[in-house]
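1. structure for the following, please:
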Amino acid sequence: GKKSKNPALWWVDGAREEVRWSFEELGVLSRKVANVLSDACGLQRGDRVILILPRIPEWWLMNVACMRTGTVLIPGTQQLTAKDILHRLQKSKAKCIITDDSVAPAVDLVGAECQSLKFKLLVSQGHREGWLNFKDLL
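-> Numbers count the residues shown, from 1 in each chain. Below you'll find the model as predicted:
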């Protein structure tokens with residue numbers, strides 16, 4: 001049949017930069033992200049993942065990838081404090097947290113107090129000690 005002219009995802013930021021993914025592109029990219037979660041992070045069905053990102057395209061990719069892998073997505077806002085993050089990590093027993101440069105320092109403050117936390121995935125161009133870089137793995 002004919003390909004749809006409507007994108008599966010059409011994202012525009014404040015600087016008018018845009019990302020358009022077709023359903024096929026979203027499928028391919030979300031499978032790659034699912035592989036990152038399963039292979040690099042060793043996550044399995046039922047494992048909990050905390051996602052604290054602004055509404056950027058990667059936020060949507062992580063959502064779809066968690067559905068693909070059967071992991072339990074726990075979304076959070078960037079307004080969470082280190083204490084809030086600690087509470088969510090401890091109560092959920094999340095094995096992985098995914099965030100960006102703005103929240104990573106708060107996670108580093110409390111991460112040692114969370115025995116279940118095994119993987120920290122950074123969505124950033126930069127790198128941070130103790131974190132896996134999502135863009136490198138993708």
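
2. wait, what's in contact with the closest residue to Phe134 other than its chain neighbours?
-> Of all residues not flanking Phe134 in the chain, Val123 sits nearest, at 4.7 Å (Cβ to Cβ, 6 or more residues apart in numbering). Using the backbone N, CA and C atoms, a C-beta is placed for each residue, glycine as well. Contact partners of Val123, counting by Cβ atoms under 8 Å, 6 or more residues apart in numbering, are Leu53, Ile56, Glu58, Ile98, Thr99, Asp100, Phe134, Lys135.

3. mind checking which of the residues you listed are in helices?
-> Glu58, Phe134, Lys135 (DSSP state H).

4. might you report the residue contacts of the last one?
-> In other words, Lys135. By Cβ under 8 Å, 6+ apart, the residues touching Lys135 are Val123, Ser124, Gln125.

5. which one of those residues is nearest to Ala94?
-> Val123 (16.2 Å; Cβ to Cβ).

6. so how far is Arg68 from that closest one?
-> Distance from Val123 to Arg68, counting by Cβ to Cβ, to the nearest Å: 18 Å.

7. remind me which residues of this protein are low pLDDT?
-> Residues of the chain meeting the criterion pLDDT under 70: 1-4.

8. what is the neighbour count of Ala94?
-> The tally of other residues near Ala94 (other Cβ atoms under 10 Å) stands at 25.

9. which of the helices or strands spans Leu26?
-> helix 23-35 (DSSP states H and E).

10. alright, I will stop here.
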